[in-house]
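Trainee: Need a 3D model of the following:
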Amino acid sequence: MKKIVSKKEKIINAALKLIAKKGNLNFTIREVVLDADVNIASVNYYFGTKKKLIQEIEKKFIGNLLEFQNILKDTQIKPKQRLIKWTSNLFEYMIDNPGLISILNNKLIFTEDIDTTFKLFLQENNKYLAQIIREITSIEEEILKFKIVQINAGLFFPMIFVNNSENLFGFSFKDLENRNKYVKSIIDSI
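Mentor: Residues are numbered from 1 along each chain as shown. All right, here's what the predicted structure looks like:
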């Protein structure tokens, strides 16, 4: 059975696709309308402005990240397995939604201000990562913060190369088996 996608979702998906294709946030509402196969009145009705459309995408993104964070909180799963599951799920989500990398770049690299909600999310996420790393290692607190950066970098840096990883590294990040091996290597390195 085919899933029915709302106009709002079509608009968000079209914007994400354009962001991924362009590698930045320089898309037009007209391009979104054409790609989503909706009229401009729909974009105005749901979002009003391009800025609000991007904010809605960010809100949805943070909501999904919070769902993934639940994996880190799940003490029913062994600590190392939590990290592997969290990293694998997040990696797959980012591959399925490559426009999010451009949004992250815009938010974290090109602006001095980090959205308060996003900043709180990152701090909380890093707190959970720190707890898990403490559970599976005996590293010093001073080194712990570097390990958190290492995990985040190991996860997000490949997203920049996801479409060219085969040419650059000799394997594709889009291949699930390769991705699983890569995730395991990140976690084993801590």
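
Trainee: F61 and I12, how far apart?
Mentor: Separation of F61 from I12 (Cβ to Cβ, to the nearest Å) stands at 10 Å. The way it works is simple: take the backbone N, C-alpha and C, and place the C-beta from them, glycine included.

Trainee: pLDDT weak spots in the chain?
Mentor: Within the chain, the ranges that satisfy pLDDT under 70 run 1-2, 110-114.

Trainee: Mind doing that once more with 80?
Mentor: Residue ranges of the chain with pLDDT under 80: 1-5, 22-24, 98-119.

Trainee: Please compute how far the top helix by length along it lies from its chain's middle.
Mentor: The longest helix of the chain (DSSP state H) is helix 50-73. Relative to the chain's own centre, helix 50-73 is displaced by 9 Å; criterion: Cα atoms, centre = their mean, to the nearest Å.

Trainee: can you check stretch 129-141 too?
Mentor: Here stretch 129-141 is found 23 Å from its chain centre; the criterion is Cα atoms, centre = their mean.

Trainee: ditto for stretch 33-41
Mentor: Distance, centroid of stretch 33-41 to centroid of chain: 26 Å (Cα atoms, centre = their mean).

Trainee: Now do that stretch: distance from first to last residue.
Mentor: Stretch 33-41 has an end-to-end distance of 9 Å (criterion: Cα to Cα, to the nearest Å).

Trainee: OK, contacts around T117?
Mentor: Counting by Cβ atoms under 8 Å, 6 or more residues apart in numbering, T117 makes contact with I62.

Trainee: Which helix or strand contains it?
Mentor: helix 116-136 (DSSP states H and E).

Trainee: List the contacts of R30.
Mentor: By Cβ under 8 Å, 6+ apart, the residues touching R30 are I40.

Trainee: separation between it and K50?
Mentor: Noted for R30: a distance of 11 Å to K50, by Cβ to Cβ.

Trainee: Ok, M159 next?
Mentor: Going from M159 to K50 by Cβ to Cβ gives 23 Å.

Trainee: Between those two, tell me which one has more neighbours.
Mentor: The residue with more neighbours, out of M159 and K50, is M159; 20 against 15, by other Cβ atoms under 10 Å.
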